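Asks: pasting a predicted model and its sequence here:
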Amino acid sequence: MVQAHTHHVIRLADELDLPHLVALGEMFWDQAGLDDPYDMDSVVNVFTSLQENGYVLVAEAQGMPVGFIGMIVGDLSFSPTKSATELAFFVWPKHKGLGVSLLREAEAEAKRRGCRYVHMMSLESMRDDAGVDRAGRLYERMGYTPSERVFRKELP
């Protein structure tokens, strides 16, 4: 599975992509403004897990990885219906137009793997200065509907 366009390629990631995924993941982490420390070993562990239980797609522009999406594939809770759930989705801001193509290819890969649903997330910390959820708007334009909210609490 390789989706090639005039200026970019979207393909399944492999071990050679790890240094780029680590760098892109760090850019995502910085932009998301998350409090916890970024850890390269965790990226490697997630990538390894997704190779076994999902997939990672890489978007390349002029031969250089500039974005990725990591999806875990499994059954819905209490149902044998398969779905693909996003663990991470990031495109280098200079190439943000690739996000739609990357997400479309993630959907196509989910379908090839027998999934009925794709679940995408939007971090509250990634809203723009006006409070607009740009990721949520992208998902809605692509036919997604809100399905749940996730709440987090730091334990003492």
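Replies: Yes, it's here.
Asks: SS state for residue 78?
Replies: Under DSSP: H, G, I helix; E, B strand; the rest coil, residue 78 falls in the coil class.
Asks: geometric centre of the protein: which residue is closest?
Replies: Among the residues of the chain, the one closest to the centroid is residue 89, at 2.4 Å (Cα atoms, centre = their mean).
Asks: hmm, it is touching residue 103, no?
Replies: Yes - using Cβ atoms under 8 Å, residue 89 and residue 103 qualify as a contacting pair, with a distance of 7.3 Å. (C-beta placed from N, C-alpha, C; glycine too.)
Asks: flag the helix or strand of the protein with the lowest per-element mean pLDDT.
Replies: Least confident helix or strand, the chain: strand 2-4 with a mean of 55, by mean pLDDT, DSSP states H and E.
Asks: and after that one, which helix or strand comes next?
Replies: Sequence-wise, the next helix or strand beyond strand 2-4 is strand 8-12, with elements assigned using DSSP states H and E.
Asks: buried sites along that following strand?
Replies: Neighbour counts over strand 8-12 (16 or more other Cβ atoms under 10 Å) mark 8, 10, 11 as buried.
Asks: as CSV, those residues with pLDDT and distance to residue 18 would be great.
Replies: What follows is the buried residues of strand 8-12, written out as CSV (pLDDT from 0 to 100; distance: Cβ to Cβ, whole Å):
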residue, pLDDT, distance to residue 18
8, 86, 20
10, 96, 18
11, 96, 15
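Asks: tell me the bridge partners for residue 118.
Replies: In this structure, residue 118 bridges to residue 84 when assessed by DSSP bridges.
Asks: now the helices for the protein?
Replies: Here the chain has its helices, by DSSP state H, at 18-32, 40-53, 98-112, 134-141.
Asks: so which of the ones you listed gets nearest residue 61?
Replies: Distances from residue 61 to each of the helices of the chain were compared by Cβ to Cβ, and the smallest falls on helix 98-112, at 7.1 Å.
Asks: isn't residue 47 right up against residue 13?
Replies: Yes - between residue 47 and residue 13 a contact is recorded at 7.3 Å, counting by Cβ under 8 Å.
Asks: need the residues touching each of those two.
Replies: Counting by Cβ atoms under 8 Å, 6 or more residues apart in numbering, the contacts common to residue 47 and residue 13 are 21, 56.
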